[in-house]
Each structure stands twice: as structure tokens, then as C-alpha cells.
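Colleague: build me a model from this:
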Amino acid sequence: MTAADSGIPIACNLDAFSASERERHASLLQKLGGRILERRELSDGYAFRFAAEAGAIAELAEWIGLERMCCPFLRFSVEVEPNGGPVWLKLTGGAQVKAFVGSAFRALR
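Modeller: As a prediction, the model looks like this:
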């Protein structure tokens, strides 16, 4: 089932954050955006590749926890490759979600 099929609106709700959460979310997004090594288009969203740097997985998990609050329509998948390989974040959920992610995250590689 895609986000559109579930009836969840494809729109961010920044009011879901407290002032400190909004600040932390923006800080994490900027930091993680600078760590993206590759962006791949998927049939129902996008995948972003990160280097397996110290703290990157923890920061990615923290950002996902915040992002789910304002964008409940997103499906998050994290893949951690073995032997110190890269980390992939997939943001998916159907055609409308793909269009949203493509637009909202355009500046991220």
C-alpha cells in the first residue's frame, strides 16, 4: 500500500515539531545532506548513499525519528552494507511521494 492509497496527505506538517525539534531536524538534515555520496532514482522514491562514517548511522536514525513526525507518508528503509561498506537510505511510498522527495530533497545530491 502506498501513502496515496492509505489516505495520508502528501504534505509536511512542521507544526509537529517543538522549536528545539525543528532546530535539531534542520541541523541533522544539513549535516546528513553534506554526507550524501550518491542519489539514485527508484520506481517509488529515491535512495541516498552515505559513507559509513562514525556517528552517521545514529544521526540518520535520529533524523528519521524526527522526519516521521512531520512527514508520516514516507517509508524509510536503511541498509547497512557489510565490512564497513556504505549506508543506504531509501525514501519511498509511490508516485506522489517520489515527486515530493524529488522536489524537497533536490539540493541533496
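Colleague: what about the helices in the chain?
Modeller: Using DSSP state H, the helices of the chain run over residues 3-6, 19-35, 56-70, 95-104.
Colleague: what residues of stretch 44-55 count as buried?
Modeller: 44-50 (16 or more other CB atoms under 10 Å). For the C-beta atoms, the positions are set from N, CA and C on the backbone; glycine is no exception.
Colleague: end to end, how far does it reach?
Modeller: 28 Å (CA to CA, to the nearest Å).
Colleague: which residues touch it?
Modeller: 2, 32, 35-40, 56, 60, 75, 80-81, 84-95, 97-98, 101-102, 105, 108-109 (CB atoms under 8 Å, 6 or more residues apart in numbering).
Colleague: just those: which are in strands?
Modeller: Applying DSSP state E to the contacts of stretch 44-55, the entries found in strands are 36-40, 75, 80, 87-92.
Colleague: just the buried ones from those residues?
Modeller: Using 16+ other CB under 10 Å as the burial test, the ones in strands among the contacts of stretch 44-55 include 75, 87-92 as buried.
Colleague: mind putting these into CSV with pLDDT and distance to Asp15?
Modeller: Output for these, formatted as CSV (pLDDT from 0 to 100; distance: CB to CB, whole Å):
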residue, pLDDT, distance to Asp15
Arg75, 96, 22
Val87, 95, 30
Trp88, 97, 30
Leu89, 96, 25
Lys90, 97, 26
Leu91, 96, 21
Thr92, 95, 25
